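1. sequence first, then the predicted structure, then my questions.
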Amino acid sequence: MNCTNCGKELAEGIKFCPECGTPVPKNKFCTSCGTKLEPGAKFCPECGTKVGGAAASVSVTADVEEKIGNAAEYDRTESIDELISAGTKYIYLNEVRDYSKALSIFNEVLARDVNNGNANYWLGYLYDKGYGVEKDSERAFELYMKAAETGDGSALLAVGESYYLGKGVKKNEEKAFEFYRKSAETGNEYAAYYTGDCYQYGWGTEENVNEAIKWYKAAADQEYSDAYHELGNCYALLEKYKEAFEWYKKGADEENEESIKELGFCYLHGEGTKRNYDKAFECFDRLGEDYEGMPY
């Protein structure tokens, strides 16, 4: 590549011409397929999309570029961490969301490091959802599994979910439980919740309400509010109604409808708290007459 002002041949990755100081044009990418475009290219060499047309390369305003750093362009001089950061921003930032770019970036990372856990996980996610590529659950599972081998908590959770749902692999609740628990042991709050489910309902393991409480609490400690209701249920099974009441109350504070209902029953029957018909009515009234689980 040569300087657009003085013609001097430029080394890869520099930002200014060392001869005349002219800024080096930033890399652009085809918005149809994510292929890197050479400066001055009028058409994508991969898919033929016209540059500057309706599906032109990414153009990022200054305020958006400030938010996303270098997400709008990458080259081989950037580190793997920088590429992964850019790829995830293409998935999550509304201003520049472009799944085909993310796909291109994560493939670039794997071209450098085939065992990179983050890249394998995110590429699996794109195949799983059909974002930027045709949906392929089997391919997604393979990539999730490869990422899980690095101990990545999110990937372990995704493998567990795949086994539980039979998505991309034969349904296997025992395997689902195994991977949920492995993910939970990394500190993943969602996996902790699902591990609690497995112990509470006997999915892939023997029912064990005390183990369920342990893992639900691990999720609750990270403010995963769905765990509050299940903790209430577990303590109710153990006839520890005061503890059940407290957890139902926490769930109700987060607008969990089942927790609101159970809190109403606690007030109605005086379980774990003093009987209070007014408070019971308030709880049931919060649910509204259209709530399918209404007790009347």
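-> Yep, that arrived.

2. now do the helices in the protein.
-> For the chain, the helices defined by DSSP state H cover 62-68, 80-92, 99-112, 117-129, 137-148, 153-165, 173-184, 189-201, 209-220, 226-237, 241-253, 257-269, 277-287.

3. residue ranges in this protein under the pLDDT threshold?
-> 1-77, 289-296 (pLDDT under 70).

4. what's near enough to touch residue 140?
-> Counting by CB atoms under 8 Å, 6 or more residues apart in numbering, residue 140 makes contact with 124-125, 127-128, 158, 162, 167-168. C-beta here means a position set from N, CA and C on the backbone, and glycine is covered the same way.

5. try 6 Å this time
-> Residue 140 makes contact with 124, 127-128, 168, according to CB atoms under 6 Å, 6 or more residues apart in numbering.

6. please apply the same query to residue 138.
-> With CB under 6 Å, 6+ apart, residue 138 has these contacts: residue 168.

7. how close does it get to residue 162?
-> Here the distance between residue 138 and residue 162 works out to 10 Å (CB to CB, to the nearest Å).

8. and for these two, which residues touch both?
-> residue 168.

9. neighbours of the nearest residue to residue 182 once chain neighbours are set aside, how many?
-> Sequence neighbours aside, residue 156 is the residue nearest to residue 182 in space, at 4.8 Å (criterion: CB to CB, 6 or more residues apart in numbering). Residues lying near residue 156 (other CB atoms under 10 Å) number 28.

10. surely residue 156 meets residue 179?
-> Yes: the criterion here is CB atoms under 6 Å, and residue 156 meets it with residue 179 at 5.1 Å.

11. give me the number of neighbouring residues for residue 278.
-> Residue 278: 8 neighbours (other CB under 10 Å).

12. closest to residue 256 out of the contacts of residue 140?
-> residue 128 (27.5 Å; CB to CB).

13. leaving out sequence neighbours, find the closest residue to that closest one.
-> Closest to residue 128 by CB to CB, 6+ apart is residue 140, at 3.8 Å.

14. now residue 103
-> Once flanking residues are discounted, residue 103 sits nearest to residue 132: 4.3 Å by CB to CB, 6+ apart.

15. same question, residue 105
-> residue 87 (3.8 Å).

16. kindly report the same for residue 141.
-> Closest to residue 141 by CB to CB, 6+ apart is residue 168, at 3.3 Å.

17. reformat the contacts of residue 140 as a markdown table; add distance to residue 215 and neighbour count.
-> Listed next are the contacts of residue 140 as a markdown table, based on distance: CB to CB, whole Å; neighbours: other CB atoms under 10 Å:
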| residue | distance to residue 215 | neighbour count |
| --- | --- | --- |
| 124 | 25 | 29 |
| 127 | 29 | 24 |
| 128 | 25 | 21 |
| 168 | 25 | 22 |
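
18. now the residues you listed in JSON lines, with distance to residue 185?
-> Below are the contacts of residue 140 laid out as JSON lines (distance: CB to CB, whole Å):
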{"residue": "124", "distance to residue 185": "21"}
{"residue": "127", "distance to residue 185": "26"}
{"residue": "128", "distance to residue 185": "23"}
{"residue": "168", "distance to residue 185": "23"}
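
19. so how far is residue 229 from residue 250?
-> With CB to CB as the criterion, residue 250 and residue 229 are 9 Å apart.

20. who's more crowded, these two?
-> residue 229 (24 against 19).

21. need the contact list for the more buried one.
-> Applying CB under 6 Å, 6+ apart, we find residue 229 in contact with 251, 256, 258-259.

22. repeat that for 10 Å
-> For residue 229, the contacting residues are 216, 247-248, 250-252, 254, 256-263, by CB atoms under 10 Å, 6 or more residues apart in numbering.

23. again with residue 161
-> 128, 141, 144, 167, 176, 179-180, 183, 190-191, 194 are the contacts of residue 161 under CB under 10 Å, 6+ apart.
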